[in-house]
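Student: using only what follows, build the 3D model:
(chains A and B)
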Number of protein chains: 2
Amino acid sequence: VTLDEPDAGGVPGRILVVGAGLIGTSLGLAAGRAGAEVSFHDRDGDRARRAVGLGAGSAVLEQLPQRAAGFDLVVVATPPRAIAPVATSLLRSEVGPIVTHVGSVQAQPQREIEANQVSMARFVGGHPVAGRELSGPEAADADLFRERPWVLCPTADTDPVAVRVVTALARACGARPVHMSAPAHDELFARLSHLPQLVASALAASLSAVEPADVALAGAGMRDTTRLADSDPLLWAQIVAANAPSVARALRGVAEPLVALAGLLERGGDDEAAAAVGALVEAGRAGRSLLPGKHGGVAAALATLQVDVPDEPGALARLLDTVAAEGVNLEDLRVEHAPGRPLGLAELVVAPDALHDLAETLRGGGWTVRAAGGTAL
Amino acid sequence: VTLDEPDAGGVPGRILVVGAGLIGTSLGLAAGRAGAEVSFHDRDGDRARRAVGLGAGSAVLEQLPQRAAGFDLVVVATPPRAIAPVATSLLRSEVGPIVTHVGSVQAQPQREIEANQVSMARFVGGHPVAGRELSGPEAADADLFRERPWVLCPTADTDPVAVRVVTALARACGARPVHMSAPAHDELFARLSHLPQLVASALAASLSAVEPADVALAGAGMRDTTRLADSDPLLWAQIVAANAPSVARALRGVAEPLVALAGLLERGGDDEAAAAVGALVEAGRAGRSLLPGKHGGVAAALATLQVDVPDEPGALARLLDTVAAEGVNLEDLRVEHAPGRPLGLAELVVAPDALHDLAETLRGGGWTVRAAGGTAL
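Tutor: Alright, predicted model coming up:
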């Protein structure tokens, strides 16, 4: 099979998106803005019509076409379990569109398609690393993928033209394409994404063992650490089941040291326990310093300013007005509110070179300001 | 031993705070504002002088007085390991001040003091459930304890007058006193506080096994779940070592099911794995729904509005101006920024009765607004 090269670097002209959820609809919005003609198919025809109604495409296909002959590219944006059946049906014919998907797991769908003995020349797995806590076409956003990684997983048999076409789609959506094998992808995202989901869920689940009235004594730390636990059980069941061996390894990497620490806390002396806990918290600080900031830099390269914010309407707005008047862009903003406290703590994460002038301006405006982590101001 | 009852409901008149850190200094500020005369002692005399310089007290004692005869109440605000030695020295004499502390652990300091065979009549352990990620007197805040729980742990031998005095102190600081036995306190805070700290640290530590360049592909979920991992290793070593059996139980309660899940992911079929993961995520959602909101109500009683925020100076301030102009008080604010995305997602947590009008006003102002969790708007 040889594929026709589309316009150099251009986004494929005619795209069929299968699955009108958050990701599929966002992709339709982004690709459409870049000039593509986008059609939608969804098992739930009403959902496809809503995506098109939101401007994400121009046509709804009630049936999934067997050959999809009129399309350059089909993007399978379904839950993980549906990827292989849909992709296989599209890859059965000798000629046809390039097929990609946008799932959080790569190796299992690829293996399932290969097992169906279709040609992999036109297939490239893909995973735009983007999302939000909402789902459905109404939550879609043409800028969802901007500056986000978009991992592409070509198979050994994928035609280079197919890789270029899907890479062009990722670029057209504003993303940063990254190439990786499917197993490497799954191993990495088991650690970066599937693991924190399960850890947050397990921690949140442990609250059910506490008297509800006593849970009211929990602070902000428990809330932050369990924020991911609000996620969709059915979607995560499919993602983790499809990446079981890598997730199992990642789980053991975190949970077994915690079980070992429990054993040491049961048996060990105070000094031994303290040393083990100190080493764990220290290792956590080191690991956390590797996390990227908003623009992909490491967190350590950003500066954090802490500001007291009275608990009254408008206080935070006044603060952010002052920040905006300085022309300072916030890399991240976090507002910590202990239940019922009249003062909250706003953390403004800014470029280091903006820190001192901003601190001075805020102090001049009567705000109480500190640098986080002991940075001198 | 019979203690003199202070003025009914009033804060004790003369307080000595031992340890001029964040908590001790905040307590001095709050108690001073309520009319108490506060003195400080700290092993680091300079730190005590800084606390007094900040207005948290009126005098610095260079030496810890053996009997502290001139004081009604001594508050030991040192790291956990120093609580018992300091409290014991103050409880040796037949008469003297009431002694409390503000540590994150209760049973071990109490046992250590009891082992020294001093009278416990004048002793009440205490734990104001408040803090911030900063430490030192400069981070202190007279409102740190306002509306926060303040757990008091009287011993079997504590004189009721001592309990009333420390309860009055907690009230004078604006806190909500809660009485509990020391073991019940430690069991509860092992789950609510010590456990999430260790889980966040272990998760963050696991990032060191990932290539640094690959960590850059992590999303906001990993960042939220590991936020606590920035904490102080030495302080946490002391806290956990002093509450080892309860923390061990709490750790096993979260880590052992994760190890079991890893085993199931290694052995089980897809359906079995999916069912187990779905059940875990579902249990996490149930546990998380128990967490309190800002004013101590349950999170489910609050409504969340999601708003798109362009990544430009002033955008968030404009949003919050609009919220303030409506007279709506934010219960919580969270801004989610995927690295480099021009649109951020602001989550405004408000009282449910404010939701609809606010959504309408924001829409009128050109903001893209959604209710989180599928609430109709």
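Student: center of chain A, which residue is that?
Tutor: Centroid-nearest residue in chain A, with CA atoms, centre = their mean: A:A130, separated by 3.8 Å.
Student: who's in contact with A:S93?
Tutor: A:Q66, A:R67 (CB atoms under 8 Å, 6 or more residues apart in numbering or on different chains). C-betas here are computed from N, CA, C, even on glycine.
Student: surely it is within a strand?
Tutor: No - assigned with DSSP: H, G, I helix; E, B strand; the rest coil, A:S93 falls outside any strand and is coil.
Student: excluding its backbone neighbours, what's nearest the residue nearest to the centre of chain A?
Tutor: A:R148 (4.3 Å; CB to CB, 6 or more residues apart in numbering or on different chains).
Student: next one, pLDDT for the one you found please.
Tutor: Looking at A:R148, its pLDDT reads 88.
Student: what is the burial count for it?
Tutor: 23 (other CB atoms under 10 Å in any protein chain shown).
Student: likewise A:Q63?
Tutor: Using other CB under 10 Å, A:Q63 has 7 neighbouring residues.
Student: what's the answer for A:Q197, then?
Tutor: So A:Q197, with other CB under 10 Å, has 24 neighbours.
Student: mind pulling up the phi and psi values for A:T78?
Tutor: The phi and psi torsions at A:T78 (degrees, to the nearest 10) take the values phi -100, psi 170.
Student: wait, what's in contact with A:G45?
Tutor: A:G45 makes contacts with A:V60, A:E62, as judged by CB under 8 Å, 6+ apart.
Student: the same query, at a cut-off of 6 Å, please.
Tutor: A:E62 (CB atoms under 6 Å, 6 or more residues apart in numbering or on different chains).
Student: so how far is A:A56 from it?
Tutor: The gap separating A:G45 from A:A56 is 15 Å, by CB to CB, to the nearest Å.
Student: and what of A:P292?
Tutor: 29 Å.
Student: which one of the two is surrounded by more residues?
Tutor: Set A:P292 next to A:A56 and count neighbours by other CB under 10 Å: A:A56 wins out with 26 against 20.
Student: that one touches A:G28, doesn't it?
Tutor: Yes - taking CB atoms under 6 Å as the definition, A:A56 is a contact partner of A:G28 at 3.3 Å.
Student: okay, now the residue of the stretch 51-200 of chain A at minimum distance from chain B: neighbour count?
Tutor: Per CB to the nearest CB, A:E147 is where the stretch 51-200 of chain A lies closest to chain B, at 2.7 Å. Neighbourhood size, A:E147 [other CB under 10 Å]: 18.
Student: then A:V105?
Tutor: Neighbour count for A:V105, taken as other CB under 10 Å: 27.
Student: quick one, what contacts it?
Tutor: Here A:V105 is in contact with A:P80, A:D186, A:I239, A:A242, A:N243 (CB under 6 Å, 6+ apart).
Student: distance of it from A:E112?
Tutor: From A:V105 to A:E112 the distance is 11 Å (CB to CB).
Student: packing partners for the lengthiest helix in chain A?
Tutor: Determined from DSSP state H, the single longest helix within chain A is helix A:244-267. Under the contact definition 3 or more CB pairs under 6 Å, 6 or more residues apart in numbering or on different chains; DSSP states H and E, helix A:244-267 sits against helix A:270-288, helix B:195-205, helix B:244-267.
Student: show me what the longest one is in contact with.
Tutor: Translated: helix B:244-267. With contact meaning CB under 6 Å, 6+ apart, helix B:244-267 is reached by A:202-203, A:206, A:244, A:247-248, A:251-252, A:255, A:258-259, A:262, A:265-266, A:273, B:186-187, B:190-191, B:194-195, B:240, B:273, B:276.
Student: reformat the contacts of A:V105 as TSV; add pLDDT and secondary structure.
Tutor: As requested, those are exported to TSV (pLDDT from 0 to 100; DSSP: H, G, I helix; E, B strand; the rest coil):
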residue	pLDDT	secondary structure
A:P80	93	helix
A:D186	97	helix
A:I239	95	helix
A:A242	95	coil
A:N243	96	coil
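Student: straight-line length of stretch A:73-83, end to end?
Tutor: Terminal residues of stretch A:73-83 lie 15 Å apart, using CA to CA, to the nearest Å.
Student: now A:W236: closest residue in space that isn't a chain neighbour?
Tutor: Using CB to CB, 6+ apart and skipping the chain neighbours, the partner closest in space to A:W236 is B:V281 (4.9 Å).
Student: and the one you found, how far from B:L261?
Tutor: 11 Å.
Student: now swap in A:G96 and tell me
Tutor: A:G96 is 40 Å from B:L261, where distance means CB to CB.
Student: looking at those two, which one has more neighbours?
Tutor: B:L261 (25 against 20).
Student: residue contacts, A:E187?
Tutor: Contacts of A:E187 by CB under 6 Å, 6+ apart are A:S246.
Student: so it is in which element?
Tutor: helix A:182-189 (DSSP states H and E).
Student: please export the C-alpha coordinates of that helix as PDB.
Tutor: Listed next in PDB are the C-alpha coordinates belonging to helix A:182-189 (Å, rounded to 0.1, in the frame of the first residue of the first chain):
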ATOM      1  CA  ALA A 182       2.900   1.900  22.000                       C
ATOM      2  CA  PRO A 183       4.500  -0.100  24.800                       C
ATOM      3  CA  ALA A 184       6.700   2.900  25.900                       C
ATOM      4  CA  HIS A 185       3.700   5.100  25.800                       C
ATOM      5  CA  ASP A 186       1.700   2.800  28.000                       C
ATOM      6  CA  GLU A 187       4.500   2.300  30.500                       C
ATOM      7  CA  LEU A 188       5.000   6.000  30.800                       C
ATOM      8  CA  PHE A 189       1.300   7.000  31.200                       C
END
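Student: list the residues that contact A:V309.
Tutor: A:A315, A:L316, A:G344, A:A346.
Student: if we can go back for a sec, test my guess that the residue nearest to A:A130 contacts A:A175.
Tutor: Yes - assessed by CB under 6 Å, A:R148 is found in contact with A:A175 at 5.3 Å.
Student: just give the number of residues close to A:L54.
Tutor: Neighbours around A:L54, by other CB under 10 Å: 15.
Student: A:P233 now?
Tutor: If you count neighbours by other CB under 10 Å, A:P233 ends up with 18.
Student: just read off the phi/psi values of A:L152.
Tutor: The phi/psi pair for A:L152 (degrees, to the nearest 10) is phi -110, psi 140.
Student: in the sheet, who's paired with it?
Tutor: Beta-bridge partners for A:L152, by DSSP bridges, are A:G126, A:H179.
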